[in-house]
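Visitor: Predicted model and sequence below, questions to follow.
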Amino acid sequence: MLAEKTTRAAFREGVEDIVLSGGVAANRELRRRVSELAAARGVRVLAPPTVSCTDNAAMIAYAGALRLKRGDRDGWDMTAQGETMLAKRTRKGRGRR
C-alpha cells in the first residue's frame, strides 16, 4: 500500500523523483515495489545503499555527538520546536513545486 500510494501521489503531483531514506529504505521489498511502480509511471527512484539506511534516531544521536565534540551545549531551558525551516514544495504546503 505504501509503494502504491507513494508512486500514485508522485505521478499526480508531477514529481520526477521519489527519494527513499531512513530506516524504511532498508526494506528490500519496499525498494523493489516502489521502483517497479515508479518506472511504470515514468518516475525515478533514488535511494542510498542499504547499509546507509539507518534508523533516524541513530542519525540524530550522531549529529548530537558531533555537536558535543565541538563543545556545543544547550541549557536545560531549551524547548523543542516541531516546525522546520525547509521550504514547502507541495500544493498541500501552498509552496512552489
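Guide: Thanks, I have it.

Visitor: Assumed residue 45 was part of a strand.
Guide: Yes. Residue 45 forms part of a strand when assessed by DSSP: H, G, I helix; E, B strand; the rest coil.

Visitor: In contact with it, which residues?
Guide: Residues counted as contacts of residue 45 (Cβ atoms under 8 Å, 6 or more residues apart in numbering) are 17-20, 31, 34-35, 38-39. Using the backbone N, CA and C atoms, a C-beta is placed for each residue, glycine as well.

Visitor: Next: residue 33.
Guide: residue 3.

Visitor: repeat for the one 10 residues further on
Guide: Residues in contact with residue 43 (Cβ under 8 Å, 6+ apart) are 7, 10-11, 15-18.

Visitor: Name the SS class of the spatially most central residue of the chain, please.
Guide: Nearest to the mean C-alpha position of the chain, counting by Cα atoms, centre = their mean, stands residue 21 at 4.8 Å. Three-state assignment for residue 21 (three-state DSSP): coil.

Visitor: on that earlier part again, which one of the contacts of residue 45 is nearest to residue 80?
Guide: residue 19 (25.3 Å; Cβ to Cβ).

Visitor: what pLDDT does the nearest residue to the closest one once chain neighbours are set aside get?
Guide: Spatial nearest neighbour of residue 19, excluding adjacent residues (Cβ to Cβ, 6 or more residues apart in numbering): residue 46 at 4.9 Å. Per-residue pLDDT puts residue 46 at 95.

Visitor: Repeat that for residue 62.
Guide: Per the predicted model, pLDDT is 86 at residue 62.

Visitor: Okay then, goodbye and thanks.
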